[in-house]
Structures are given as structure tokens and as C-alpha cells.
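Asks: Give me coordinates for this.
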Amino acid sequence: PWLISAWWRIWEERNNRVFRDTFSWPDSVAHLVQGDIQFAIRLKHHCPSTAG
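Replies: Numbering: from 1, shown residues only. Okay, the predicted model is just below:
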């Protein structure tokens, strides 16, 4: 459960960043996508069973 709550907190924080940055920094979208990919890879390494 702590992993899910922590992930949710990170997800909300990321969404808040997206809403703020999209208007002022369009270029940062690619940066955020890269962060998502790295985060997903890290999740798969930590819990391969749940990540599929």
C-alpha cells in the first residue's frame, strides 16, 4: 500500500507540474515524458510482477 500511495502522490505532483508548465514551458512536455518512461522502468525493476 505504501508504494501505491507514494506513486499516487508522485502522479498528482506530476500532473500539477504538467498543468503549470504546459502554458509557460511547452518544451518541458518531452522532458516530463522522459521522466515517465524512466519512472515506469524503475517500477518494473522493483516490482516486475505488478508492472507486468
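
Asks: all helices in this protein, in order from the N-terminus.
Replies: Secondary structure of the chain by DSSP state H: the helices cover 2-24, 28-46, 48-51.

Asks: Name the helix or strand of this protein that has the lowest mean pLDDT.
Replies: Within the chain, no helix or strand scores below helix 48-51, which has a mean of 58 by mean pLDDT, DSSP states H and E.

Asks: sorry, back to before: reformat the helices of the chain as TSV; add mean neighbour count.
Replies: Any C-beta I mention is one placed from the backbone N, CA and C, and that applies to glycine too. As requested, the helices of the chain are exported to TSV (neighbours: other CB atoms under 10 Å):
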stretch	mean neighbour count
helix 2-24	11
helix 28-46	12
helix 48-51	9
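
Asks: Compare those helices and say which comes out lowest on pLDDT.
Replies: Lowest mean pLDDT within those: helix 48-51, a mean of 58.

Asks: Just the pLDDT for residue 47.
Replies: 68.

Asks: center of the chain - which residue?
Replies: residue 36 (4.3 Å; CA atoms, centre = their mean).

Asks: Now that residue. Nearest residue, chain neighbours left out?
Replies: Using CB to CB, 6 or more residues apart in numbering and skipping residues adjacent in sequence, the residue nearest residue 36 is residue 14, 7.6 Å away.

Asks: Would you confirm that that neighbour contacts residue 32?
Replies: Yes: with contact defined as CB atoms under 8 Å, residue 14 counts as touching residue 32 (6.9 Å).

Asks: Kindly provide the distance from residue 42 to residue 19.
Replies: 24 Å (CB to CB, to the nearest Å).

Asks: One more: residue 13?
Replies: Residue 13 sits 11 Å away from residue 19, going by CB to CB.

Asks: ditto for residue 6
Replies: Shown here: residue 6 relative to residue 19, a distance of 21 Å by CB to CB.
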